[in-house]
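> Show me the folded form of this:
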Amino acid sequence: MKILFIIPYPPGESPSQRFRFEQYLDILKQRGHTLYLAPFLPPQRWRLFYQRGNTFARIGMIFRGFARRVGLLLSASQYDRVFIHREAAPVGPPIIEWFLAKALRKKIIYDYDDAIWMTDKINESTLERTLRWRSKVSSICRWSHKVSCGNEYLRQYALRFNANAILNPTTIDTEGLHNPSVQQPAAKDSHQIVIGWTGSHSTLKYLYLLKDVLLQVQEKFPEASLLVIADRPPEFQLPRLIFREWSPETEIADLMTADIGIMPLPDDEWSKGKCGFKALQYMALNMPAVASPVGVNTTIIQHMENGCLCRTDDEWLAALEMLIADAELRKRLGRAGRQTVIDRYSVSSNTSTFLSLFE
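Down below sits the predicted model:
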């Protein structure tokens, strides 16, 4: 089978892509499938596009991206399946998706891992809202052969438009990548207890929800520090804040220096679409995850069995203080968390579900 992957970002550049489908590509090839990955922009232009400023240059790159998509349609007839991650283009109506489904009669596997029919931006302009055209998600679901959904909340949305919506959780490679038995942590002070958070600039705002709690923790525990792994540093200060710029080459080693992983979220509709990826990363590395009880987090984590769920500041403070003070509890929750990921959220446990998308 020949499979066309229409993707927003160049391969290897986006965690969403890496953990939704890229880690399964070798398995597809081993099954005899031929794959072609088509990002909206090539790597060098993609990096320029996401730099601040250069508005006119970015507009030009969007037109180039659309030109690439039109060129792709000319060769799309040769493919047996078309896998679309999130959207074919970052702006405008779903013209590419419509042409593939209606004109070329292609069987589309549509994959998404966020509630991308809405936004979490509070002050989004009318222009941006119009350009993003988020209503296209329902149309693409309707036109697709199958819809691959990262959690049950996302699946319930897709079921409104397509009965063939499949729960395909975001998964972790617990053997070759998120495996503390084969990875070496970066250097750290052995006397420190490190609370870790990893993400991007777009999700740093969720970390800010815990600023006061983290300050109280550091005031009580001089050995406690906060590790932030992201593409830019947070916009707040703590007495002991460690920033590591995110890189696919160093993320695991940097994250393994943490003793506790945190995933705060607001309790809103957008957050219900999150797929628990941060918590899964921590758990896969034998690290106790402390998360907000929002969306899929309540499915992944059973409180005090394989992690902690905290809603209020008092609950967050109590959980972090307890874990800092009790090394054995950290180990017990960390081991249980890793086993949860291996059993239910690993590449090996989910391979059959992923392959079924192409049947």
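> what's the longest helix in the chain?
As assigned by DSSP state H, the longest helix anywhere in the chain is helix 55-75.
> Which parts of this structure are strands?
Applying DSSP state E to the chain gives strands spanning 2-7, 34-39, 81-85, 107-112, 146-149, 165-167, 193-198, 224-230, 241-245, 260-263, 289-291, 308-309.
> which stretch among those comes nearest L28?
strand 34-39 (6.1 Å; C-beta to C-beta). Glycine gets a C-beta too; all of them are placed from N, C-alpha and C.
> Can you name every helix or strand that that closest one contacts?
If contacts are counted by 3 or more C-beta pairs under 8 Å, 6 or more residues apart in numbering; DSSP states H and E, strand 34-39 sits against strand 2-7, helix 25-30.
> Let me know which of these is tucked in deepest.
Compared across the helices and strands packed on strand 34-39, strand 2-7 shows the largest average neighbour count, a mean of 21 (mean count of other C-beta atoms under 10 Å).
> Can I get that strand in CSV? Just the C-alpha atoms.
What follows is strand 2-7 as a C-alpha-only set of coordinates in CSV (Å, rounded to 0.1, in the frame of the first residue of the first chain):
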residue,chain,number,x,y,z
LYS,A,2,1.2,3.5,-0.8
ILE,A,3,0.4,6.0,1.9
LEU,A,4,0.7,9.8,1.7
PHE,A,5,1.2,11.7,4.9
ILE,A,6,0.0,15.3,4.7
ILE,A,7,1.5,17.0,7.8
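> Adjacent strands (with direction) for that strand?
For strand 2-7, the paired strands and their directions (DSSP bridges) read strand 34-39 (parallel), strand 81-85 (parallel).
> These: which one's closest to N123?
Nearest of the strands paired with strand 2-7 (C-beta to C-beta): strand 81-85, 27.5 Å.
> Nearest residue to S349 in space, please, no chain neighbours.
D343 (6.1 Å; C-beta to C-beta, 6 or more residues apart in numbering).
> hmm, I was thinking of S135
Excluding its sequence neighbours, the residue lying closest to S135 (C-beta to C-beta, 6+ apart) is W117, at 7.0 Å.
> same check, this time on G334
N286 is the one closest to G334 (C-beta to C-beta, 6+ apart), at 4.0 Å.
> same question, K136
P94 (4.0 Å).
> who touches that neighbour in this structure?
E87, A88, W133, K136, S139, I140 (C-beta atoms under 8 Å, 6 or more residues apart in numbering).
> Pretty sure the fifth one sits against I95.
It refers to S139. No - with contact defined as C-beta atoms under 8 Å, S139 does not count as touching I95 (10.6 Å).
> contacts for the longest helix of the chain?
4, 6, 38, 40-41, 45, 48-49, 88-91, 96, 99-100, 104.
> Pull out the buried positions in that helix.
Within helix 55-75, the residues that count as buried by 16 or more other C-beta atoms under 10 Å are M61, I62, G65, F66, R68, R69, L72.
> so can I have JSON lines of the residues you listed showing distance to V347 and pLDDT?
Shown next, in JSON lines, are the buried residues of helix 55-75 (distance: C-beta to C-beta, whole Å; pLDDT from 0 to 100):
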{"residue": "M61", "distance to V347": "33", "pLDDT": "88"}
{"residue": "I62", "distance to V347": "34", "pLDDT": "89"}
{"residue": "G65", "distance to V347": "30", "pLDDT": "93"}
{"residue": "F66", "distance to V347": "34", "pLDDT": "93"}
{"residue": "R68", "distance to V347": "30", "pLDDT": "95"}
{"residue": "R69", "distance to V347": "30", "pLDDT": "96"}
{"residue": "L72", "distance to V347": "28", "pLDDT": "96"}
